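Chemist: Here is a sequence together with a model predicted from it:
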Amino acid sequence: MKGNESLEADDISKLYAQLEEITRRVNATIRQRSDPLSFVEYSLVSFIGGHLGCRATDLAAAFQLNRSTTSRQVNALVELGLIEHRPAGTAAASRGQALALTERGRLFLARAVEPHRTSIAERVADWTPAEIAAFTSALSRFNTSR
């Protein structure tokens, strides 16, 4: 543990509890708004919206999902009219084609993200810009570490 030799199991347990709380709050917000999507489906739509040209195999890798699970999720999102397959210039199988948000998907994502951003803004309203930057930096470091 580079530089964290004194990190104790209790510290990790406390960190885990805080991350678990974030997940619970996100799930509760989604349920309160009665969105038709699960947290996983919402995450996939968000990923596709932020990664233009991604493919189902990219989703499987990013979320560490089985390809068949990803295929089922993608098909469900296509059926809901939130995403579509975009040919990559060849007659590739649909799982090899690029995925893109439909207009409905873009509207859904814009509508779904705003309450989360509002909630975050309310929670950090009394934080300084430096505290927000430090928290963002720490989360970014956490999310990119292996």
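Modeler: Yep, that arrived.

Chemist: Any stretches of this structure with poor pLDDT?
Modeler: Flagging of the chain using pLDDT under 70 yields the residue ranges 1-7, 30-36, 88-96.

Chemist: Tell me where it has strands.
Modeler: With strands called from DSSP state E, the chain shows them at 83-86, 98-101.

Chemist: which residue sits closest to the residue sitting nearest the centre point of the chain in space, ignoring its chain neighbours?
Modeler: For the chain, residue 43 is the residue whose C-alpha lies nearest the centre (Cα atoms, centre = their mean; 3.7 Å). Of all residues not flanking residue 43 in the chain, residue 63 sits nearest, at 7.1 Å (Cβ to Cβ, 6 or more residues apart in numbering). C-beta coordinates here come from the backbone N, C-alpha and C atoms, glycine included.

Chemist: Now do the contacts for that neighbour.
Modeler: Residues in contact with residue 63 (Cβ atoms under 8 Å, 6 or more residues apart in numbering) are 40, 43, 44, 47, 70.

Chemist: could I get the longest helix that the chain contains in PDB with only the CA atoms?
Modeler: If you go by DSSP state H, the chain has its longest helix at helix 9-32. The C-alpha coordinates for helix 9-32 follow below in PDB (Å, rounded to 0.1, in the frame of the first residue of the first chain):
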ATOM      1  CA  ALA A   9      -9.100  -2.300   8.500                       C
ATOM      2  CA  ASP A  10     -11.400   0.100  10.400                       C
ATOM      3  CA  ASP A  11     -10.400   2.900   8.000                       C
ATOM      4  CA  ILE A  12     -11.400   0.700   5.000                       C
ATOM      5  CA  SER A  13     -14.700  -0.200   6.700                       C
ATOM      6  CA  LYS A  14     -15.500   3.400   7.200                       C
ATOM      7  CA  LEU A  15     -14.700   4.300   3.600                       C
ATOM      8  CA  TYR A  16     -16.800   1.300   2.400                       C
ATOM      9  CA  ALA A  17     -19.700   2.500   4.500                       C
ATOM     10  CA  GLN A  18     -19.500   6.000   3.000                       C
ATOM     11  CA  LEU A  19     -19.400   4.600  -0.600                       C
ATOM     12  CA  GLU A  20     -22.300   2.300   0.300                       C
ATOM     13  CA  GLU A  21     -24.300   5.300   1.500                       C
ATOM     14  CA  ILE A  22     -23.700   7.100  -1.800                       C
ATOM     15  CA  THR A  23     -25.000   4.100  -3.700                       C
ATOM     16  CA  ARG A  24     -28.100   3.800  -1.500                       C
ATOM     17  CA  ARG A  25     -28.800   7.500  -2.000                       C
ATOM     18  CA  VAL A  26     -28.500   7.200  -5.800                       C
ATOM     19  CA  ASN A  27     -30.800   4.200  -5.900                       C
ATOM     20  CA  ALA A  28     -33.300   5.900  -3.600                       C
ATOM     21  CA  THR A  29     -33.400   9.000  -5.800                       C
ATOM     22  CA  ILE A  30     -34.000   6.800  -8.900                       C
ATOM     23  CA  ARG A  31     -36.800   4.900  -7.100                       C
ATOM     24  CA  GLN A  32     -38.400   8.200  -5.900                       C
END
